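Trainee: need coordinates for the below:
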Amino acid sequence: MNTGKVDVLLGLQWGDEGKGKVVDVLTPHYEVIARFQGGPNAGHTLEFEGQKYVLRSIPSGIFQGDKVNIIGNGVVLAPDLFMAEAKELEKSGHSLKNRLLISKKAHLIMPTHRVLDAAIEASKGKSKVGTTGKGIGPTYTDKVSRTGLRVGDILEDFPQKYAAHKAQHEKTLRSLNYTDYDITEVEKTWMEGIEYLKQFTIVDSEHEVNRVLTSGKNILAEGAQGTMLDVDFGSYPFVTSSNTICAGACTGLGIGPNKIGEVFGIMKAYCTRVGAGPFPTELFDETGKTIRDLGHEYGAVTGRERRCGWIDLVQLRYSVMINGVTKLIMMKSDVLDGFSTIKACVAYEMPDGSTTTELPYDISQVKPIYKELPGWKTDMTGFTDESQFPQAFKDYVAFLEDFLGTPIAIISIGPDRAQTIIRQ
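Mentor: Below is the predicted model:
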């Protein structure tokens, strides 16, 4: 039987790699686009036809008119934020209601989850993780402790279920001596979001996804954040609360591993990180500031300044291995257009003086060992074909492919949909 495949697209660094743009570029090749994890802390930015959009919970395939989009069971959903995002899209002419399916098993982010997020972060003092404050962590905590509210719960006896969960959260907040908050207005909007959610098709998405595959159609699974924020394999504890890696697509959508086709791994030509946590190649000098300014490295959702550094190939090779990446996609190559010299981390010096090319358990004390490569000093933003690339850039791409053992299939040379080179 000719069944379809699920191609997975995910970030290989610390998030913010540019997944939204790539999903939009690849969408024409798929019948269905599905988000498999994360919540509204992840902002996917898309630019085309002079417009800029930031998606938080809605899959990035929504701009291609005839495609079905699915919010999978692995996602955590804030009804009020979802409502605001969907209405904004509808206002700009992108109708959703007949094209967006929502899993009954996706967990709901309650107003008190956001209060808990703030309370828990405040209680950590100097050991803060640097959360976005959107309630993601506490929602996933409820999920794994089997006390969560799910989208399917809104269909029956919801007020009673909500009240019971809220009371439990309030009890926890009192135990943390965190009582100075008021969610009255937020809760009102949140309940409006619940009613708005009911206007959408709420489904057992695992059955829907597998029906699509059985019919021979292909699905693009869209991940949020990046591999180094994975709760198991990332730079723990400075991570998100879900599995951001390829395996997360199986649990976040209800598909078997044998249904996975291509695994697209997205990386920047350099590296960034938001929030606290180790970052071996971070630059604290003028070069880091220049990369931040040229790359507009500020969070799509939070506006937070991103930390910037050179590309880390030790970390990337680890991510390629963990995810089983079959094709690489390199974003923001144009940001490095003006540099005379490009650096790439090819090994780490460990605290005991030894060197390694494997990502260790603790990367907080490692020092990057760099290889220097000549820059291309060419404005590539107007290029339309890889034959136009300067030789120094071609050499940089070949070096990365050799080190990572994986072909670079797509190169982005600017934020617009059109500034994308698909290599032959």
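
Trainee: CA only for contacts and neighbour counts going forward, please
Mentor: Noted.

Trainee: G265 bridge partners, please.
Mentor: Taking DSSP bridges, one obtains L10, L328 as the residues bridged to G265.

Trainee: quick one, what contacts it?
Mentor: Neighbouring residues of G265 by CA atoms under 8 Å, 6 or more residues apart in numbering: 9-12, 320, 325-329.

Trainee: T357 now?
Mentor: By CA under 8 Å, 6+ apart, the residues touching T357 are 314, 346-348.

Trainee: pLDDT wise, what is G38 at?
Mentor: Note on G38: pLDDT of 89.

Trainee: I'd like to know how far it sits from V346.
Mentor: Counting by CA to CA, to the nearest Å, the separation of G38 from V346 is 30 Å.

Trainee: quickly check the contacts of G265 for the two that are furthest apart.
Mentor: Based on CA to CA, the longest span within the contacts of G265 runs between G11 and T326 and measures 13.3 Å.

Trainee: could you measure T272 against S95, distance?
Mentor: Plainly put, T272 is 34 Å away from S95 if you go by CA to CA.

Trainee: go on, R150?
Mentor: Distance of R150 to S95, given as CA to CA: 25 Å.

Trainee: so which of the two has more stuff around it?
Mentor: R150 (19 against 16; other CA atoms under 10 Å).

Trainee: for that one, name its beta-bridge partners.
Mentor: Beta-bridge pairing of R150 under DSSP bridges involves H107.

Trainee: give me every residue that touches it.
Mentor: Counting by CA under 8 Å, 6+ apart, R150 makes contact with 104-108.

Trainee: save those as TSV, and put in neighbour count and pLDDT too.
Mentor: TSV is the format used below for those (neighbours: other CA atoms under 10 Å; pLDDT from 0 to 100):
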residue	neighbour count	pLDDT
K104	21	98
K105	24	98
A106	25	97
H107	25	97
L108	27	97
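
Trainee: which of those residues lies closest to I183?
Mentor: Comparing those against I183 with CA to CA picks out L108 as the nearest, at 16.2 Å.

Trainee: verify the stated contact: that closest one with D80.
Mentor: No: L108 is beyond contact range of D80, at 10.4 Å (criterion: CA atoms under 8 Å).

Trainee: longest helix of this protein, counting residues only.
Mentor: Taking DSSP state H as the criterion, the chain has its longest helix at helix 158-175.

Trainee: all helices for the stretch 251-400 of the chain, in order.
Mentor: Secondary structure of the stretch 251-400 of the chain (DSSP state H, counting those that start in this stretch): helices located at 286-294, 313-323, 391-404.

Trainee: all strands of the stretch 201-350 of the chain, in order?
Mentor: Secondary structure of the stretch 201-350 of the chain (DSSP state E, counting those that start in this stretch): strands at 201-203, 219-222, 260-268, 271-273, 307-309, 311-312, 327-331, 341-349.

Trainee: ignore the last one, the stretch 1-150 of the chain
Mentor: With strands called from DSSP E, counting those that start in this stretch, the stretch 1-150 of the chain shows them at 6-11, 32-35, 44-48, 51-55, 68-71, 76-77, 100-103, 107-108.

Trainee: now those strands as TSV including distance to A86?
Mentor: Compiled in TSV, those are given as follows (distance: least, CA to CA, whole Å):
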stretch	distance to A86
strand 6-11	23
strand 32-35	15
strand 44-48	14
strand 51-55	9
strand 68-71	13
strand 76-77	13
strand 100-103	10
strand 107-108	16
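
Trainee: lowest average pLDDT across the ones you listed?
Mentor: strand 44-48 (a mean of 63).

Trainee: for the contacts of T357, which entry has the maximal number of neighbours?
Mentor: Busiest of the contacts of T357 [other CA under 10 Å] is Y348, holding 26 neighbours.

Trainee: if I look at I70, how far off is P280?
Mentor: Distance of I70 to P280, given as CA to CA: 36 Å.

Trainee: again, but for E156
Mentor: Noted for E156: a distance of 50 Å to P280, by CA to CA.

Trainee: ok, now which ones touch D204?
Mentor: D204 touches 103-105, counting by CA under 8 Å, 6+ apart.

Trainee: list just the nearest of the residues you listed to T341.
Mentor: Closest approach between the contacts of D204 and T341, by CA to CA: S103, at 48.1 Å.

Trainee: the closest one and A34, how far apart?
Mentor: S103 sits 10 Å away from A34, going by CA to CA.

Trainee: more neighbours: these two, which one.
Mentor: Per other CA under 10 Å, whichever of S103 and A34 has more neighbours is A34, with 29 against 23.

Trainee: isn't E192 up against D80?
Mentor: Yes: with contacts counted by CA under 8 Å, E192 reaches D80, the gap being 7.1 Å.

Trainee: looking at those two, which one has more neighbours?
Mentor: D80 (24 against 14).

Trainee: residues that sit against both of S103 and A34, list them.
Mentor: Both S103 and A34 are contacted by 70-72, under the criterion CA under 8 Å, 6+ apart.

Trainee: now these as CSV including neighbour count and distance to R174?
Mentor: CSV is the format used below for the shared contacts of S103 and A34 (neighbours: other CA atoms under 10 Å; distance: CA to CA, whole Å):
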residue, neighbour count, distance to R174
I70, 30, 37
I71, 29, 34
G72, 31, 33
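
Trainee: closest to M228 among the residues you listed?
Mentor: Using CA to CA, the shared contacts of S103 and A34 come closest to M228 at G72, 21.6 Å.

Trainee: distance of the closest residue to I408 other than its chain neighbours from V6?
Mentor: Spatial nearest neighbour of I408, chain neighbours left out: L328 (4.4 Å); criterion: CA to CA, 6 or more residues apart in numbering. For L328, the distance to V6 (CA to CA) stands at 17 Å.

Trainee: and if you look at A276?
Mentor: Look at A276 and V6: by CA to CA, they are 33 Å apart.

Trainee: those two: who's more crowded?
Mentor: Remark: of A276 and V6, V6 carries more neighbours, 28 against 15, as counted by other CA under 10 Å.

Trainee: thinking that one is in contact with E222, fair?
Mentor: No: V6 is beyond contact range of E222, at 10.2 Å (criterion: CA under 8 Å).

Trainee: which intervals of the stretch 51-200 of the chain have sub-threshold pLDDT?
Mentor: By pLDDT under 70, the low-scoring segments of the stretch 51-200 of the chain are 125-132.

Trainee: how about the helices in it?
Mentor: Counting by DSSP H, counting those that start in this stretch, the stretch 51-200 of the chain has helices at residues 79-91, 111-123, 136-144, 158-175, 184-197.

Trainee: and the ones you listed: which comes nearest G288?
Mentor: Among those, the nearest to G288 by CA to CA is helix 111-123 (27.9 Å).

Trainee: having no further points to raise, I will conclude here.
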